[in-house]
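Peer 1: here you go, sequence then predicted model.
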Amino acid sequence: MLPKPKRLNLKKDFKWVASGKKIDSKFLTLFVKTGDNTFPSIGIAVSGKFLKKAHERNRARRLVSSAFETLYSKLPTNISIVALPKQGILSVKSPDVLLDLEKKLINEKIIT
């Protein structure tokens, strides 16, 4: 898990980032917005609508968090990202989520 200062925690921050660019990948929906951050900020929001059980939501959150921990050093400093896991994320392993996220961020020219 990322340290608390590197995460989005407030509802107003999530809403601000959600008003940015929407990017869909196989396992995630990402909202990306640039601001005047001094380091990248990541937020993970898991819906109880698709993932009914708490252990499913926790696993989805851990998979996404692990992928962002690996890619965190490659992210630009002024970026904020909110990630919404999709229902199919529970059927895959961590490297698959990482590969999907990295491929999408490279395609969108967020990381190189």
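Peer 2: Now that the structure is in, tell me what you want to look at.

Peer 1: let me see the contact set for residue 14.
Peer 2: By CB atoms under 8 Å, 6 or more residues apart in numbering, the residues touching residue 14 are 8, 43, 45, 82. Where you see a C-beta, it was placed from the backbone N, CA and C, and this is true even at glycine.

Peer 1: by neighbours, which of these wins?
Peer 2: The most neighbours of any of the contacts of residue 14, using other CB atoms under 10 Å, belong to residue 82, which has 23 neighbours.

Peer 1: who's in contact with residue 38?
Peer 2: residue 77.

Peer 1: helix, strand or coil for it?
Peer 2: Here residue 38 is coil, with the state taken from DSSP: H, G, I helix; E, B strand; the rest coil.

Peer 1: any idea how far it lies from residue 85?
Peer 2: Distance from residue 38 to residue 85, counting by CB to CB, to the nearest Å: 27 Å.

Peer 1: what do you get for residue 103?
Peer 2: Distance from residue 103 to residue 85, by CB to CB: 16 Å.

Peer 1: chain neighbours aside, what residue packs nearest to residue 9?
Peer 2: The shortest distance from residue 9 to any non-neighbouring residue, by CB to CB, 6 or more residues apart in numbering, is to residue 43 (7.7 Å).

Peer 1: what's opposite that neighbour in the beta bridge?
Peer 2: residue 82 (DSSP bridges).

Peer 1: quick one: it and residue 17 touch, right?
Peer 2: Yes: shown here, residue 43 and residue 17 form a contact pair, counting by CB atoms under 8 Å, at 6.6 Å.

Peer 1: please enumerate the shared neighbours of those two.
Peer 2: Shared contacts of residue 43 and residue 17 (CB under 8 Å, 6+ apart): 8, 80, 81, 82.

Peer 1: turn those into a markdown table, columns for distance to residue 55 and pLDDT.
Peer 2: Listed next are the shared contacts of residue 43 and residue 17 as a markdown table, based on distance: CB to CB, whole Å; pLDDT from 0 to 100:
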| residue | distance to residue 55 | pLDDT |
| --- | --- | --- |
| 8 | 23 | 94 |
| 80 | 28 | 96 |
| 81 | 25 | 97 |
| 82 | 22 | 97 |
